[in-house]
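Visitor: Test case, fold it:
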Amino acid sequence: MKVKLKEVILAVPALSKLASANLSLHTAYALRKSMVELQKEADFFREQRDKYLEQFKVGASGKLGAEAETVMNELLDMEVEPKVDRVSLSLSEDVRLSVNDLESLAPFITFTEEKK
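Guide: Numbering: from 1, shown residues only. The predicted structure follows:
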């Protein structure tokens with residue numbers, strides 16, 4: 001699956017929230033496998049970000065210059081191909097997520113309704 005690095009970065013907090021929930025063993029195992037792979041991409045982003053921040057010497061104000069901001073946006077727009085499968089998560093799972101969480105999880109989680 002190809003995704004932008006930005007999607008991975010935005011999904012990490014929601015994935016962490018989801019990982020702390022009591023899920024079925026099958027779902028928890030699949031989620032853990034995905035999280036390991038996505039964390040590799042997040043670590044890559046942090047390494048690159050730190051390198052660029054050092055290179056551009058962010059001022060005391062903490063603001064990036066135009067060139068640094070362009071480079072950071074290019075980094076976030078970079079396509080990556082983590083070795084993950086979409087995880088199916090039943091809407092009947094006892095998990096509390098925000099609408100923002102659902103949005104950031106969309107590339108990595110398939111939400112399913114159980115038919116009764």
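Visitor: immediately after the one helix or strand Lys40 maps to, which helix or strand?
Guide: Assigned by DSSP states H and E, Lys40 falls within helix 25-56. Using DSSP H and E, the helix or strand that follows helix 25-56 in sequence is helix 66-76.
Visitor: Partner strands of the next helix or strand after that following helix, with direction?
Guide: Using DSSP H and E, the helix or strand that follows helix 66-76 in sequence is strand 79-80. Neighbouring strands of strand 79-80 in its sheet, by DSSP bridges, are strand 3-4 (antiparallel).
Visitor: what residue ranges in this structure score low on pLDDT?
Guide: 58-62, 64, 115-116 (pLDDT under 70).
Visitor: Which residues belonging to the helix holding Lys40 are considered buried?
Guide: 27, 30-31, 34-35, 38, 41-42, 45, 48, 52 (16 or more other C-beta atoms under 10 Å). The way it works is simple: take the backbone N, C-alpha and C, and place the C-beta from them, glycine included.
Visitor: tell me the angle of it relative to helix 66-76?
Guide: 160 degrees (axes from the mean of the first three to the mean of the last three C-alpha atoms, to 10 degrees).
Visitor: packing partners for helix 25-56?
Guide: helix 5-19, helix 66-76, strand 87-90 (3 or more C-beta pairs under 8 Å, 6 or more residues apart in numbering; DSSP states H and E).
Visitor: ok now the shortest one, how far from the chain's centre?
Guide: Right, strand 87-90. For strand 87-90, the separation from the chain centroid amounts to 16 Å (computed by C-alpha atoms, centre = their mean, to the nearest Å).
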